[in-house]
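*Asks:* quick check, what structure comes out for this input:
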Amino acid sequence: MKLNRGIKLLIGIVTALTWIMPLVTVMLWFLTFVGLFLLTAIACPSSGPCNPPPALGLLFPVLWFAFIFVFMLTIFISIILRVFYHVHIILNKTASDMFRVFTTIGMMFVPFIAEPLYFYACIWQDEPPEWAKPATT
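*Replies:* Just a heads-up that it's a prediction; the model follows:
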């Protein structure tokens, strides 16, 4: 299955997003709850009345919806990417059957390792490396 360089680059970027998006999700979660806690602690000192600024009431919903959007986008991208990789593995006849089976199993259990490995070995390069090619007898 031959792909042009632009499609290969797009798939590589999306594969890299499977590493980056979980980190962004955790950072948004951290900003949502820790930021809200710190702003509330600053706005409501232990002595005196609690007068939080009006923008504080909007902070939580905005950060929460950003968190949910990034989380759902991550899931959607992961599903589409898995479907692409599995179709490519099925249609790829240049790699050995053993390599294709192991990367398929790897994509189910450790996709953060198997997807970049398969991308580099079978998608980015026009021909798979020697260790991924079928053995000749």
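*Asks:* how confident was the prediction at the most centrally placed residue in the chain?
*Replies:* For the chain, residue 18 is the residue whose C-alpha lies nearest the centre (Cα atoms, centre = their mean; 1.7 Å). The model reports residue 18 with a pLDDT of 80.
*Asks:* what helices and strands are in contact with the helix or strand containing it?
*Replies:* Under the criterion of DSSP states H and E, residue 18 resides in helix 5-43. Using 3 or more Cβ pairs under 8 Å, 6 or more residues apart in numbering; DSSP states H and E as the contact test, the elements touching helix 5-43 are helix 54-91, helix 111-118. For glycine as for every other residue, the C-beta is placed from the backbone atoms N, C-alpha and C.
*Asks:* that older thread, the residue nearest to the centre of the chain and residue 78 touch, don't they?
*Replies:* Yes. Using Cβ atoms under 8 Å, residue 18 is in contact with residue 78, at 6.0 Å.
*Asks:* quickly list what's touching both of the two.
*Replies:* Taking Cβ atoms under 8 Å, 6 or more residues apart in numbering as the criterion, residue 18 and residue 78 both touch residue 111.
*Asks:* hmm, back to that, residue contacts, the residue nearest to the centre of the chain?
*Replies:* Neighbouring residues of residue 18 by Cβ under 8 Å, 6+ apart: 74, 77-78, 81, 111-112, 115.
*Asks:* now residue 101
*Replies:* By Cβ under 8 Å, 6+ apart, residue 101 has no neighbours at all.
*Asks:* I'd like the numbering to begin with 671 instead of 1 from here.
*Replies:* All right, first residue 671 from here; so that's residue 771.
*Asks:* buried stuff in the helix holding residue 688?
*Replies:* 678, 681, 684-685, 687-688, 691, 694-695, 698, 702, 709 (16 or more other Cβ atoms under 10 Å).
*Asks:* and those residues as a markdown table, adding distance to residue 731?
*Replies:* Below are the buried residues of helix 675-713 laid out as a markdown table (distance: Cβ to Cβ, whole Å):
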| residue | distance to residue 731 |
| --- | --- |
| 678 | 40 |
| 681 | 35 |
| 684 | 29 |
| 685 | 32 |
| 687 | 25 |
| 688 | 28 |
| 691 | 21 |
| 694 | 19 |
| 695 | 17 |
| 698 | 13 |
| 702 | 10 |
| 709 | 14 |
